[in-house]
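Asks: here is a sequence together with a model predicted from it:
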Amino acid sequence: MTVAALAPVTSERPAVRFTLIAVAVVGMALLVLAPLVVVFAEALAQGWTAALDSLSNKDAQSAIRLTLTVAAIAVPMNAIFGVAAAWAITKFDFHGKAILITLIDLPFSVSPVVAGLCIVLLFGANSSVGGWLVTQGYPVVFALPGIVLATLFITFPVVARELIPLMIEQGRTEEEAALTLGASGWHTFWTVTLPNIRWALLYGVLLCNARAMGEFGAIAVVSGRIRGQTATMPITIEMLYNEYLSVAAFTLAAVLALLALVTLALKTALELRHADQIAAIGHP
Amino acid sequence: MKMEIDAITKTFGRTTALHPVSLNIPQGALVALLGPSGSGKTTLLRILGGLEFPTAGRVLFDGADVSRLSVQERRAGFVFQSYALFRHMTVFENIAYGLRARPRAVRPAQAEIARRVNDLLRLIQLPDIGARYPSQLSGGQRQRVALARALAIEPQTMLLDEPFGALDAQVRKELRAGLRDIHDQTGLTTIFVTHDQDEAMALADLVVVMSMGRIEQIGRPQDIVAAPATDFVRRFIAA
């Protein structure tokens, strides 16, 4: 009885605890760790030289360049859109707010392939807008603008979704306080709103970046999959794999995975460095 | 500063928060807006501070119509119910915020800002907490920092929304005296909202009893206790 009374009330018997922890660890290892290990193992199956050789191929280089370019355009734009949308939704009352929230979520509920097809229908050479753009020398579909557009659409909700719950929880009173102290709306945004959401914003941007670099379905439709021109990293990986070039496919896949791991490491490092500040603000 | 509230009405959609409400507040008074929740007292306070705009009616500060002035132009020191301290800034930065937000031409120098912040920290009797974050303070300390932050902008008036609402009984009594002291030292016309009749009676020079968006009675605490004007006032102050 006394032993039972001393144990924390939320604790379980050792056997139960061991089983639960084992299930979690094994599940994690199978679902998350094993695929990562396989990607790197396959990439290095024929040694470092073969892997690095496959990366020096000009199509692989073009794919890496294209993916980084698309992310560099789409992620900052969606960060700005996301902050603007979250700010409008959480700090102001207006008619049609519920519709706006639903619209923001739309890209998550529509299949990426459908999204890609919509862009082809709207901006393809056979549409009036797309035809005109082609005659002006700015084709959208099967070119960089289409890929950026598809990526923007797919990753549109990520940042806003990360910010809205936090900003609802934080409320509007800090902003109101800043206004009563004489600050302009713009000054309030930079000195009060943005610092309060910066960690959620960073997390949203990292997630958005990961989604942007990894997008396959929509880009498969709009890019036309032209090797060395409009094939992004995920598209190139699939093409190489279908051609039984497994070292090349897995090496490129490993680079894509590494890019994601680097951003995660960056986030963890920032969190460790600013741990006291995060504790003071009261959220991660 | 003397304040006049001239037939203020406020509606939110179909609900009426304030029926025409008129009120004169003399220079330097400490006024309690007393009433149950939903009586419109906070709405009235927010209209005075410029955080809401009235549907009809005028607000006059020293005879000048300020109804159309923005919240920034009102220069009212506002203390929020949950204090609304900037959680990512130290206490020092919180109090300095209003001074640093001024346009460059009228912004005090760094040394002057530091001097004023330290003076205010002494005024609220917490001289050593400048480097702390709001999350590291007790409820009573937060309330006093919020007061100091509002005083830093050299306000024309102080407006406080349930300044003691989030505090336990002991701290509440101490801080009542603190607010009275600060009011007497600064001489600012001060209006605070409360649902606690003891607090209103103990602290205010003038009590305004409100219910359902209307003013039920205006008077000195002892006069209201001696002669309640309506049944509502009688019941509310007896509760």
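Replies: Alright, I've got the coordinates.

Asks: can you give me the strands in chain A?
Replies: Here chain A has no strands by DSSP state E.

Asks: scratch that, chain B
Replies: B:3-12, B:15-25, B:30-34, B:56-61, B:64-65, B:76-79, B:157-161, B:189-194, B:206-211, B:214-219.

Asks: distance to chain A and mean neighbour count for those - can I get that in TSV?
Replies: For every residue, glycine as well, the C-beta is placed using N, CA and C. Formatted as TSV, those follow (distance: least, C-beta to the nearest C-beta, whole Å; neighbours: other C-beta atoms under 10 Å in any protein chain shown):
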stretch	distance to chain A	mean neighbour count
strand B:3-12	10	18
strand B:15-25	14	18
strand B:30-34	17	25
strand B:56-61	15	17
strand B:64-65	18	11
strand B:76-79	4	27
strand B:157-161	8	24
strand B:189-194	14	25
strand B:206-211	21	24
strand B:214-219	24	20
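
Asks: turn these into CSV, columns for mean pLDDT.
Replies: Formatted as CSV, the strands of chain B follow (pLDDT from 0 to 100):
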stretch, mean pLDDT
strand B:3-12, 93
strand B:15-25, 93
strand B:30-34, 96
strand B:56-61, 94
strand B:64-65, 92
strand B:76-79, 95
strand B:157-161, 96
strand B:189-194, 96
strand B:206-211, 95
strand B:214-219, 94
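
Asks: what would these look like in CSV with distance to A:Leu206?
Replies: Output for these, formatted as CSV (distance: least, C-beta to C-beta, whole Å):
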stretch, distance to A:Leu206
strand B:3-12, 40
strand B:15-25, 44
strand B:30-34, 48
strand B:56-61, 48
strand B:64-65, 51
strand B:76-79, 37
strand B:157-161, 39
strand B:189-194, 43
strand B:206-211, 50
strand B:214-219, 54
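
Asks: figure out which of those strands is closest to A:Gly131.
Replies: strand B:3-12 (50.8 Å; C-beta to C-beta).

Asks: now do the closest one: which elements does it pack against?
Replies: Packing partners of strand B:3-12 (3 or more C-beta pairs under 8 Å, 6 or more residues apart in numbering or on different chains; DSSP states H and E): strand B:15-25, helix B:41-49, strand B:56-61.

Asks: mind putting these in TSV, distance to B:Gln197 included?
Replies: Listed next are the helices and strands packed on strand B:3-12 as TSV, based on distance: least, C-beta to C-beta, whole Å:
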stretch	distance to B:Gln197
strand B:15-25	19
helix B:41-49	13
strand B:56-61	26
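
Asks: tally up the residues packed near the closest residue to chain B within the stretch 1-150 of chain A, please.
Replies: Nearest residue of the stretch 1-150 of chain A to chain B (C-beta to the nearest C-beta) works out as A:Asp93 at 9.7 Å. The local packing of A:Asp93 (other C-beta atoms under 10 Å in any protein chain shown) involves 7 other residues.

Asks: pLDDT weak spots in the stretch 151-284 of chain A?
Replies: Applying pLDDT under 70 to the stretch 151-284 of chain A flags residues A:277, A:279-284.

Asks: mind listing the helices for it?
Replies: All helices of the stretch 151-284 of chain A, identified by DSSP state H, counting those that start in this stretch, fall at A:173-180, A:185-188, A:194-214, A:217-222, A:233-242, A:246-273, A:275-281.

Asks: quick one on the thing from earlier: of the helices and strands packed on strand B:3-12, which is nearest B:Lys2?
Replies: strand B:15-25 (6.5 Å).

Asks: note down every partner strand of the closest one and its orientation.
Replies: strand B:3-12 (antiparallel) (DSSP bridges).

Asks: okay, the angle between the strand it pairs with and strand B:206-211?
Replies: Counting by axes from the mean of the first three to the mean of the last three C-alpha atoms, to 10 degrees, strand B:3-12 lies at 20 degrees to strand B:206-211.

Asks: with just CA atoms, put strand B:3-12 into CSV.
Replies: The C-alpha trace of strand B:3-12 is given here as CSV (Å, rounded to 0.1, in the frame of the first residue of the first chain):
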residue,chain,number,x,y,z
MET,B,3,-14.1,64.5,-19.3
GLU,B,4,-17.6,64.7,-20.7
ILE,B,5,-19.4,61.8,-22.1
ASP,B,6,-22.3,63.2,-24.2
ALA,B,7,-25.1,60.7,-25.1
ILE,B,8,-22.8,57.9,-26.1
THR,B,9,-24.5,54.9,-27.8
LYS,B,10,-22.8,51.7,-28.9
THR,B,11,-24.4,48.8,-30.8
PHE,B,12,-22.7,45.6,-31.9
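
Asks: now find how far off-centre it is within its chain.
Replies: Mean-position distance between strand B:3-12 and its chain equals 17 Å (C-alpha atoms, centre = their mean, to the nearest Å).

Asks: and for stretch B:164-179?
Replies: Offset of stretch B:164-179 from its chain centre (C-alpha atoms, centre = their mean): 15 Å.

Asks: go on, stretch A:227-236?
Replies: Per C-alpha atoms, centre = their mean, the centroid offset for stretch A:227-236 relative to its chain is 19 Å.

Asks: stretch A:24-42 too?
Replies: On C-alpha atoms, centre = their mean, the centre of stretch A:24-42 falls 21 Å from that of its chain.

Asks: next: stretch A:194-209.
Replies: Worked out by C-alpha atoms, centre = their mean, stretch A:194-209 lies 11 Å from the chain centre.

Asks: buried ones in it?
Replies: A:196-209 (16 or more other C-beta atoms under 10 Å in any protein chain shown).

Asks: does it come close to chain B?
Replies: Yes - against chain B, stretch A:194-209 shows contacts by C-beta under 8 Å from any C-beta of the partner chain at A:195-196.

Asks: got the contact list for that stretch?
Replies: A:71, A:74-75, A:78-79, A:82-83, A:86, A:155, A:158-163, A:166-167, A:170, A:174, A:263-264, A:266-267, A:270-271, A:278, A:281, A:283-284, B:87-89 (C-beta atoms under 8 Å, 6 or more residues apart in numbering or on different chains).

Asks: quick check: A:Ala86 touching A:Ile168?
Replies: No - if you go by C-beta atoms under 8 Å, A:Ala86 and A:Ile168 don't touch, sitting 9.2 Å apart.

Asks: ok, those two, which is more surrounded?
Replies: Remark: of A:Ala86 and A:Ile168, A:Ala86 carries more neighbours, 26 against 13, as counted by other C-beta under 10 Å.

Asks: any idea how far that one is from B:Ile129?
Replies: The gap separating A:Ala86 from B:Ile129 is 33 Å, by C-beta to C-beta, to the nearest Å.

Asks: just give the nearest non-adjacent residue to B:Val71, would you?
Replies: B:Gly50 (3.6 Å; C-beta to C-beta, 6 or more residues apart in numbering or on different chains).

Asks: what's the pLDDT at that neighbour?
Replies: B:Gly50 carries a pLDDT score of 94 in this model.

Asks: fine by me, thanks again.
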